[in-house]
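My questions are about this predicted structure, shown below with the sequence.
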Amino acid sequence: NRNHFAGLLAMALPFAVLAAVAMLRRNRKRFESPAGPAAAACALLVVAAVILLGILHSLSRMGFISTLCSLFVTGAAALGMGHAARKKWLPLAGLLGVVVVLGFVFLPTDQLIARFADLAAGEEISAEGRAQAWRDTGPLIGAYPVFGCGRGAYENAFLRYKTVAPLYAVEFAHNDYLQLLAEFGGLGFALVMLLVFRTLMRAVRAADQMGSGRWLALATVGSLAAILLHSLVDFNLYIPANAAVLAWIAGIVESFPGGRRPEDRIEIWTPNVV
């Protein structure tokens with residue numbers, strides 16, 4: 001599935017980009033860089049370029065959009081959150097926004113542009129069908145508001161309210177948040193989203209620390225932003241490979257210091273970490 005493939009690559013892209021930056025800055029001098037780290041960084045940037053090409057040629061519309069947004073969020077987080085950083089954040093954020101818009105204009109292939117032009121192109125569940133599935137999921141959520149219909153029971157419970165795609169089985173809501181709410185109810189949804197928010201905030205706080213490990217924290221922020229955005233229109237987290245990568249990223253985030261104390265700086269990004 002092009003969307004799930006693009007979702008997987010979008011989570012990987014920030015790690016390739018930020019690993020290259022970390023290597024360059026580890027032995028950084030003002031006007032020169034040792035040949036070894038520079039060559040390794042170039043190799044990682046080639047990997048990042050291949051990943052980006054994979055996303056473009058997957059022809060996944062939301063995969064492409066979430067990738068651009070992920071890179072914007074990563075760049076914004078790299079500016080920092082201190083008082084001095086906030087003063088220069090707006091103009092630099094504007095510059096990042098311009099770069100993202102230019103990427104949206106010049107990076108897509110002709111086939112991807114055609115996919116944006118034809119939102120209802122030959123899929124079992126088109127863009128319009130997704131919107132109808134989301135509307136049909138509302139009554140299902142209302143029927144089981146507290147504890148949900150049960151994990152994995154969406155397809156069967158949805159039949160009573162289904163008006164979309166009459167010739168096809170609808171196993172997923174094509175929105176991870178709606179399906180989570182339908183299956184786990186308001187209580188389970190709140191618990192899961194609290195965990196997601198905690199993980200994201202921990203990653204953002206770690207990215208605001210100084211030290212070589214800051215680049216790893218920034219990579220986790222970018223990856224989380226990509227999958228959380230893409231999950232608005234697809235069921236990436238019901239795909240085992242994508243869910244496993246997200247769990248791996250969350251595990252990395254849990255290794256970060258939780259406080260803001262100066263001594264809680266992340267100083268290491270070594271191969272055994274990732």
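Now that the structure is in, tell me what you want to look at.

got the contact list for the helix or strand where L56 lies?
Taking DSSP states H and E as the criterion, L56 maps to helix 35-58. With contacts defined as C-beta atoms under 8 Å, 6 or more residues apart in numbering, helix 35-58 is touched by 2-3, 5-6, 9-10, 12-13, 16-17, 19-21, 23-24, 26-27, 63-64, 67, 107-109, 111-112. Where you see a C-beta, it was placed from the backbone N, CA and C, and this is true even at glycine.

Just the ones of those in strands?
Among the contacts of helix 35-58, DSSP state E puts none in strands.

so where's the stretch 101-250 of the chain shaky on pLDDT?
For the stretch 101-250 of the chain, the stretches flagged by pLDDT under 70 are 118-128, 210-212.

Where do the helices of it begin and end?
Secondary structure of the stretch 101-250 of the chain (DSSP state H, counting those that start in this stretch): helices at 110-117, 127-143, 154-158, 176-207, 214-230, 240-254.

List the buried residues for the third one?
By that I understand helix 154-158. For helix 154-158, the neighbour count (16 or more other C-beta atoms under 10 Å) marks Y154, A157, F158 as buried.

Tally up the residues packed near A22, please.
Look at A22: counted by other C-beta atoms under 10 Å, it has 20 neighbours.

Convert the C-alpha atoms of the helix holding L56 to CSV, please.
What follows is helix 35-58, C-alpha atoms only, in CSV (Å, rounded to 0.1, in the frame of the first residue of the first chain):
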residue,chain,number,x,y,z
ALA,A,35,37.4,13.7,5.8
GLY,A,36,36.0,10.6,7.6
PRO,A,37,32.9,12.2,9.2
ALA,A,38,32.3,14.3,6.1
ALA,A,39,32.3,11.2,3.9
ALA,A,40,30.0,9.4,6.3
ALA,A,41,27.7,12.4,6.4
CYS,A,42,27.5,12.5,2.6
ALA,A,43,26.7,8.8,2.5
LEU,A,44,23.8,9.4,5.0
LEU,A,45,22.5,12.3,2.9
VAL,A,46,22.5,10.0,-0.1
VAL,A,47,20.4,7.6,2.0
ALA,A,48,18.1,10.5,2.9
ALA,A,49,17.7,11.5,-0.8
VAL,A,50,16.8,7.9,-1.7
ILE,A,51,14.2,7.8,1.1
LEU,A,52,12.7,11.1,-0.2
LEU,A,53,12.6,9.7,-3.7
GLY,A,54,10.8,6.6,-2.3
ILE,A,55,8.2,8.9,-0.8
LEU,A,56,7.8,10.8,-4.0
HIS,A,57,7.5,7.8,-6.2
SER,A,58,5.1,6.0,-3.8
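
how about G150, what does it touch?
A157, E183.

One more: T220?
By C-beta under 8 Å, 6+ apart, the contact list for T220 reads P14, A203, A206, A207, I249, I252, V253.

before we move on, the earlier item: let's have the helices of the stretch 101-250 of the chain in CSV, adding distance to A38.
Putting these into CSV (distance: least, C-beta to C-beta, whole Å) gives the following:
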stretch, distance to A38
helix 110-117, 33
helix 127-143, 44
helix 154-158, 50
helix 176-207, 24
helix 214-230, 16
helix 240-254, 26
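
Thank you kindly, that will do.
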